[in-house]
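Chemist: here is my input; please provide its structure:
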Amino acid sequence: MGHVDTTNFVPLNIAVLTVSDTRTEETDTSGQHLVESLQEAGHKLAAKTIVIDDVYQMRSVVSNWIADTVVEIVLVTGGTGFSGRDSTPEALSPLFDKDVTGFGELFRAVSHDDIGTSTIQSRAIAGIANNKVIFCMPGSTNACRTGWQHIIKEQLDSRHKPCNFVGLVTAHRIEDSKECESRG
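Modeler: Numbers count the residues shown, from 1 in each chain. Now for the predicted structure:
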């Protein structure tokens, strides 16, 4: 486990996407858990939506968030299994500039404590696109809890050492600030 230092916390702008053919805002416990968790940690919800498990609808939503200057992190729940329409990895990995290979590996390792060898059926992935980190987790609320508590929360905390993703995803804030100063 890493260390936490005493520097200031940097809140991030996070979008949440639920991939499901059946969930609605009322029944989306996984997406709601992610929203509540990110807000409890001090981050800001930038956007939230639900799309059916369709490659092109997922790509459309996430592509827009990748291009959005406000969104810095994308959390995706659902569509990472092996059943018929599960296609989140196929839909989103082509958008990645770089893979965060360790996320899927670590997710499966920490999930083993809860679900045993069934964890091999998770195709959890993460990647970086346009300096935004995209984490894709299974659709169960427990899987989202595991991903957030054991991995994502620390990696989105500027105080977590020796490293985290905050500097990468907030670099544009410095550039935007310099641009405003040069105009001002």
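
Chemist: show residues contacting stretch 43-58.
Modeler: Applying Cβ atoms under 8 Å, 6 or more residues apart in numbering, the external contacts of stretch 43-58 come out as 11-21, 23-25, 28, 31, 35, 38-39, 61, 65, 68, 70-73, 76, 78-79, 85-88, 90-92, 156. No exception for glycine: its C-beta is placed from N, CA and C like everyone else's.

Chemist: one more time with 7 Å
Modeler: The list of residues contacting stretch 43-58 from outside it, by Cβ atoms under 7 Å, 6 or more residues apart in numbering, reads 11-21, 23, 25, 28, 31, 35, 38-39, 61, 65, 70-71, 79, 85-88, 90-92, 156.

Chemist: one more: stretch 81-88?
Modeler: 19, 21, 53, 55, 58, 76, 78-80, 121, 123, 136, 138.

Chemist: so of the contacts of stretch 43-58, which ones are in strands?
Modeler: The members of the contacts of stretch 43-58 that map onto strands under DSSP state E are 13, 14, 15, 16, 17, 18, 19.

Chemist: quick check, the third one in contact with residue 64.
Modeler: No - Residue 15 sits out of contact with residue 64 when judged by Cβ atoms under 7 Å, with a separation of 9.3 Å.

Chemist: and the residue nearest to the spatial centre of the chain, what helix or strand is that in?
Modeler: When Cα atoms, centre = their mean is applied to the chain, the residue found nearest the centroid is residue 75 (2.7 Å). Using DSSP states H and E, residue 75 maps to strand 73-77.

Chemist: that strand: partners in the sheet, and parallel or antiparallel?
Modeler: With DSSP bridges as the criterion, the sheet partners recorded for strand 73-77 are strand 13-19 (parallel), strand 132-137 (parallel).
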